[in-house]
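> Next comes the sequence, and after it the predicted model I'd like to discuss.
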Amino acid sequence: MRVGLLTGGGDVPGLNAAIRAVVKRGEGEYGHSIIGFRNGWRGVVDGDIVPLTRNHIRNVLPSGGTLLGTARYHPHASNGGMDGVLATLEAERIEALICIGGDGTLHAASKVAEAGVKIVAIPKTIDNDVWGTDRSIGFETAVGIATEAIDRVHTTAESHNRVMIVEVMGRSAGWIAVTAGIAGGAEVVLAPEEPFDIDKVIKFLKHRHRAHANFSIVVVAEGAVPAEGTSMSYEAPVGQFGEIVAGAITARVKAEIEERTGFDTRVTVLGHVQRGGSPVPADRILGSRFGVAAIDALARGESNVMTALRGEEVVLVPLPEIAGKVKRVPSELLRVARALA
């Protein structure tokens, strides 16, 4: 079988582990030919291919990013995109596709599957917000990076009697903010799941600084917003592709804290630092497990499904079940973050 393989959307640590697993398992166990598409769905439309063998995947486990390249392109939303995908697959005699991506890439995969293409998807996103799986590739590394950053600003916050605000990624779900906030000992965590009341944040910081500390750490997800009817009005600015502008919410929160408390307040926006660098072992293992599961699923004739981690087991879930859904941080985890303030 000739199996196509692509990575779409934003890069994350652990993608190369999944690519490696697909190639090793597909070539070694089943004798498949693995054909990589450069730059995500854009490469499928353009017919930009690279055959993948064991020679191409040596020593890639510790490497960040993706050896195939990636792009934010969705064929079902582009003129002639779907026709281009189907034409390339026919011309290259691709019998099935493995797509590694986040919600946008997986939504595109479901549309291509509806057109009759055999597809198995693998979830990756540092936001960890793909519905149907406990973990997505890249999340554990991003949390580690964010936690280390919080640890580092702790010392300068305490030394200079400052409020330090750390902004992390998370447009629709605050997984990184909440988990790294708990792990790093943040005093305040602002996440999209719970719109915040800036008056309560200010009251808490004032009380803390009067009572028992002269510094505070505030972790903010980029998608955090103030609650309706509270004293802070805010509308998140968006970029060219609808993405939230990095640093916008933290700049506003900083201004509110400084104006209302007089506390010296500084901002650190982690941005793409969270995506980069070598994957932690957990992401290497998860990528490897998902890659093996995906190629095994194709060998069994499965299609229109996504690999998912449920507890300690890797299972398959139907792609239509996850379409348009976001996995948000559960209330219990949010409660822990508040309890440890």
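Thanks, I have the structure now.
> what's the burial count for Pro51?
For Pro51, the neighbour count with other C-beta atoms under 10 Å is 10. All C-beta spots, glycine's among them, are computed from the backbone N, C-alpha and C.
> Report the secondary structure state of it.
Applying DSSP: H, G, I helix; E, B strand; the rest coil to Pro51 yields a three-state assignment of strand.
> Residue ranges of each domain in this structure, please.
Using the TED database, the domains assigned to the chain come out as 2-138+279-321, 141-275.
> distance of the nearest residue to Val130 once chain neighbours are set aside from Leu86?
Distance criterion C-beta to C-beta, 6 or more residues apart in numbering; nearest residue to Val130, sequence neighbours excluded, is Pro123 at 4.1 Å. Distance of Pro123 to Leu86, given as C-beta to C-beta, to the nearest Å: 24 Å.
> Which one's more surrounded, the two?
Counted by other C-beta under 10 Å, Pro123 and Leu86 do not tie: Pro123 has more neighbours, with 31 against 17.
> The more buried one looks like it's in a strand, true?
Yes: in this structure, Pro123 lies within a strand as judged by three-state DSSP.
> Beta-bridge partners for it, please?
Gly101 (DSSP bridges).
> could you list every residue that touches it?
The contact partners of Pro123, taken as C-beta atoms under 8 Å, 6 or more residues apart in numbering, are 101-102, 106, 130, 132-133, 136-137, 290, 306-308.
> following whichever helix in the chain runs longest, which helix or strand comes up?
Criterion DSSP state H: the longest helix present in the chain is helix 139-160. Sequence-wise, the next helix or strand downstream of helix 139-160 (DSSP states H and E) is strand 163-168.
> Which elements pack onto that next one?
helix 139-160, helix 175-184, strand 216-221, helix 248-261, strand 265-269 (3 or more C-beta pairs under 8 Å, 6 or more residues apart in numbering; DSSP states H and E).
> so how far is the first one off the chain centroid?
By that I understand helix 139-160. 19 Å (C-alpha atoms, centre = their mean, to the nearest Å).
> one step back: hey, which of the helices and strands packed on strand 163-168 is tucked in deepest?
By mean neighbour count, with neighbours taken as mean count of other C-beta atoms under 10 Å, strand 216-221 ranks first of the helices and strands packed on strand 163-168 at a mean of 27.
> other SSEs contacting that strand?
Looks like strand 216-221 contacts helix 139-160, strand 163-168, helix 175-184, strand 188-190, helix 198-211, helix 248-261 (3+ C-beta pairs under 8 Å, 6+ apart).
> quick one on the thing from earlier: and the longest helix of the chain, average pLDDT?
What helix 139-160 shows for mean pLDDT is 95.
> okay, it in PDB with CA atoms only?
C-alpha atoms of helix 139-160 as PDB (Å, rounded to 0.1, in the frame of the first residue of the first chain):
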ATOM      1  CA  PHE A 139       1.200  19.500  25.200                       C
ATOM      2  CA  GLU A 140       3.600  17.900  27.700                       C
ATOM      3  CA  THR A 141       6.600  19.700  26.300                       C
ATOM      4  CA  ALA A 142       4.800  23.100  26.200                       C
ATOM      5  CA  VAL A 143       3.700  22.700  29.800                       C
ATOM      6  CA  GLY A 144       7.300  21.900  30.800                       C
ATOM      7  CA  ILE A 145       8.600  25.000  29.000                       C
ATOM      8  CA  ALA A 146       5.900  27.200  30.600                       C
ATOM      9  CA  THR A 147       6.500  25.800  34.100                       C
ATOM     10  CA  GLU A 148      10.300  26.500  33.800                       C
ATOM     11  CA  ALA A 149       9.500  30.100  32.700                       C
ATOM     12  CA  ILE A 150       7.300  30.600  35.700                       C
ATOM     13  CA  ASP A 151      10.000  29.200  38.000                       C
ATOM     14  CA  ARG A 152      12.500  31.600  36.500                       C
ATOM     15  CA  VAL A 153      10.300  34.700  36.900                       C
ATOM     16  CA  HIS A 154       9.500  33.800  40.500                       C
ATOM     17  CA  THR A 155      13.000  34.700  41.600                       C
ATOM     18  CA  THR A 156      13.100  38.100  39.900                       C
ATOM     19  CA  ALA A 157       9.500  38.900  41.100                       C
ATOM     20  CA  GLU A 158      10.500  38.200  44.700                       C
ATOM     21  CA  SER A 159      13.800  40.100  44.400                       C
ATOM     22  CA  HIS A 160      12.200  43.200  43.000                       C
END
